[in-house]
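**Student:** missing the sequence, but the structure's below:
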Ligand SMILES: C[S@@+](CC[C@H](N)C(=O)[O-])C[C@H]1O[C@@H](n2cnc3c(N)ncnc32)[C@H](O)[C@@H]1O
């Protein structure tokens, strides 16, 4: 296995878990089944509930950002994997001026293939003016860009964002859903510093591990290591404070963080009650332990007072 292969495979895991949860009706996503093949694997209810909280919380902040900026903005999705938000936003008429996805070449190449195979995916990208450029591992449409880049190499990220027509003067939302933890801390520090330097109005939403300096964290690190998957950036995942400070220390104006157990309790409770009836779960402690080891961090830079500091997940 090449050193990045284990990390690349984490996208298959995430996409399969999301597809499984969507089929169980935790949330609706008509596109996930087009992005990832069905697997025979079954996932425990606590895994699906964890994904439900992750997807619902990420989307809540994404939608709030789009509303606040009246869609006059850009979204950059780091380590996007098989993410379907672009297509879902199109269906809701909530899409930004530009939606840019970055991942390793082998992941974007597979996404290009899936998009080419499914008219329902391709048509939405081509719908604005029909203009679309496709290569083996990249797509450039009028408001959608899928590009390959190693996020640990800043010069690559910069180049690919430029090729995607990024406009630094527009408010820009950067998302990383379970991605930064796989990249060396110094490399993500460089990336977060560069964004803070270059983008006057920006927000960053980061979902990943937290409270990792305990036994549960050790076991997770060892389990992933045995699958050749290394949590190279785990030092930022010690606590909510280390998560906030990775932004505050490199030029971001403000940052908030909540663990997923806190977030789960703040999500719209009628929907939480609905999903809790979907599958019987007897090990509540297991879910709480899992949710307590993931978090959402959102950071902002807002010199013109658009209101980014007031956005929150609840
Ligand atoms: C756990 S998956 C998450 C995928 C997607 N964000 C989601 O939540 O469904 C992690 C993703 O990050 C990508 N990734 C990790 N390190 C990366 C790097 N250095 N450069 C580019 N992509 C990276 C992986 O290839 C993978 O697609």
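**Tutor:** Noted; the coordinates are in hand. Everything quoted here is computed from the prediction, not taken from an experiment.
**Student:** which parts of the protein are helices?
**Tutor:** Here the chain has its helices, by DSSP state H, at 5-23, 32-35, 45-68, 85-91, 105-117, 119-126, 154-163, 185-198, 215-225, 240-248, 260-266, 269-276, 284-291.
**Student:** could you dump these to CSV with mean pLDDT?
**Tutor:** Formatted as CSV, the helices of the chain follow (pLDDT from 0 to 100):
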stretch, mean pLDDT
helix 5-23, 95
helix 32-35, 98
helix 45-68, 98
helix 85-91, 98
helix 105-117, 97
helix 119-126, 95
helix 154-163, 98
helix 185-198, 98
helix 215-225, 95
helix 240-248, 98
helix 260-266, 98
helix 269-276, 98
helix 284-291, 96
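**Student:** quick one, which of those is nearest to the ligand?
**Tutor:** Nearest to the ligand among the helices of the chain is helix 5-23; the distance by C-beta to the nearest ligand atom comes to 3.4 Å. Every residue, glycine included, has its C-beta placed from N, CA and C.
**Student:** need the helices of the chain in TSV with mean neighbour count and distance to the ligand, can you?
**Tutor:** As requested, these are exported to TSV (neighbours: other C-beta atoms under 10 Å; distance: least, C-beta to the nearest ligand atom, whole Å):
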stretch	mean neighbour count	distance to the ligand
helix 5-23	19	3
helix 32-35	20	9
helix 45-68	20	7
helix 85-91	20	10
helix 105-117	18	5
helix 119-126	16	16
helix 154-163	15	9
helix 185-198	17	8
helix 215-225	13	11
helix 240-248	19	16
helix 260-266	18	14
helix 269-276	13	18
helix 284-291	15	15
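**Student:** looking at these, which is closest to residue 144?
**Tutor:** Closest approach to residue 144 among the helices of the chain (C-beta to C-beta): helix 119-126, 4.8 Å.
**Student:** now what about the closest one, what contacts it?
**Tutor:** If you take C-beta atoms under 8 Å, 6 or more residues apart in numbering as the criterion, helix 119-126 is touched by 30-31, 34-35, 86-87, 90, 114-116, 132, 139, 141, 144.
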